[in-house]
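Participant: return a 3D structure for these sequence lines:
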Amino acid sequence: MNSREEPRRVKARLLPLAGFRILVGRARHQASALSAGLRKLGARVIEIPFIEIRKPRSFKALDSALKNLHEYDWLILTSVNGVEALWGRVQDLHINRKNLRLLKVAAIGPATRRAIEKRGIKVDVVPQEYVAESVVKSLRRRIKGKRVLLARAKIARDVIPRELRRLGATVDVVEAYETVIPESSRKRLRDVLSDSKRHPHVITFTSSSTAKNFVALLHGRDARASQSKVASIGPVTSSTLRDLGLRVDIEAQEYTIPGLIRAIAQSKAHQGFSEQPQSAGGTRALRKSATRW
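Facilitator: Numbering: from 1, shown residues only. Here you go, the predicted model:
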């Protein structure tokens, strides 16, 4: 063995997630940050997207709102996907950036804030907790009588528009993108979960959509991932997982990708994982079958 290789191998074995297989189900173009962070800690990452981001069937509502930005007081963006979709339309329509700078802007979390600020737009509000309820709480005393533009996915929780309207705001919700199930992932996911040599020690979920799509991708079979630890980015995703019959073993305290990575590493250090998780065929079925979804 090369004398230079041995110290590297020893160092690799000492990494907190050395040798552990972790399934990352983020959209393909978003997997890199989570995957890179896990690999840095020694994990063997398996990337199989549970979600695919697509343009909406029509940009009509979004385009109309962007052409009339002067009518709004606040812009709320709840994901990096929403920022990218909105900015794409701003460029396509040749919207003057100054029109956006006249708005107060709220971002659901630090990643969304960075994506907005990268475009030269100031963010006025980032809630303490990166969930819809905290966005509402942060705006509670600032929103009465204001008109709000919320650009988001086609299907999303209605907490923000419902609660802001109760507080006296006028809220226009426009579709900026939609999430769909990537059919190409169906066979790959089933193959990985049925292979004892590749079966993941941990499966990560970064949104409610990834949780729902994971179960949908296993349609017709029980979601037999019970020997894999289930890692959730936060309480909203965890609630969806439990509703789907999946238990939650790990939940990030900070609802971000770095927070999720830390939670997985801490869980491994404190609780440990089985070195040989059983494959799908050898595990007991979870409480609910994927056929419900």
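
Participant: check what pLDDT residue 175 gets.
Facilitator: On pLDDT, residue 175 comes in at 93.

Participant: in three-state terms, label it for me.
Facilitator: Under DSSP: H, G, I helix; E, B strand; the rest coil, the three-state class of residue 175 is strand.

Participant: quick one: contacts for it?
Facilitator: 56, 58, 61-62, 152-154 (Cβ atoms under 8 Å, 6 or more residues apart in numbering). For glycine as for every other residue, the C-beta is placed from the backbone atoms N, C-alpha and C.

Participant: what residues are bridge-paired with it?
Facilitator: residue 152 (DSSP bridges).

Participant: my guess is residue 90 contacts residue 67. True?
Facilitator: No. Using Cβ atoms under 8 Å, residue 90 is not in contact with residue 67; the gap is 10.5 Å.

Participant: can you tell me how far residue 135 is from residue 236?
Facilitator: Separation of residue 135 from residue 236 (Cβ to Cβ, to the nearest Å) stands at 12 Å.

Participant: which one of these two has more residues nearby?
Facilitator: residue 135 (25 against 19; other Cβ atoms under 10 Å).

Participant: distance between stretch 98-110 and the chain's centre?
Facilitator: 21 Å (Cα atoms, centre = their mean, to the nearest Å).

Participant: where does residue 171 land in three-state SS?
Facilitator: strand.

Participant: mind listing what it touches?
Facilitator: 147-148, 150, 160-161, 164-165.

Participant: need the nearest residue in space to the most centrally placed residue in the chain, chain neighbours excluded.
Facilitator: Nearest to the mean C-alpha position of the chain, by Cα atoms, centre = their mean, lies residue 206 at 3.4 Å. In this structure, residue 206 finds its nearest non-sequential neighbour in residue 233, 4.7 Å apart by Cβ to Cβ, 6 or more residues apart in numbering.

Participant: and the closest residue to residue 169 other than its chain neighbours, what's its pLDDT?
Facilitator: Nearest non-adjacent residue to residue 169, counting by Cβ to Cβ, 6+ apart: residue 143, 4.4 Å away. Residue 143 is assigned a predicted lDDT (pLDDT) of 93.

Participant: go on, residue 287?
Facilitator: Residue 287 is given a pLDDT of 34.

Participant: for the remainder of this discussion, apply numbering that starts at 509.
Facilitator: In the new numbering, first residue 509, that becomes residue 795.

Participant: residue 706: which of the contacts of residue 683 is nearest?
Facilitator: Nearest to residue 706 among those is residue 661, at 31.1 Å by Cβ to Cβ.

Participant: for residue 607, what are its contacts?
Facilitator: Neighbours of residue 607 in contact, by Cβ under 8 Å, 6+ apart: 577-578.

Participant: among the contacts of residue 683, which are in strands?
Facilitator: Of the contacts of residue 683, the ones assigned to strands by DSSP state E are 660-661.

Participant: now do the strands in the stretch 509-658 of the chain.
Facilitator: Secondary structure of the stretch 509-658 of the chain (DSSP state E, counting those that start in this stretch): strands located at 529-532, 552-555, 560-562, 582-585, 612-615, 655-661.
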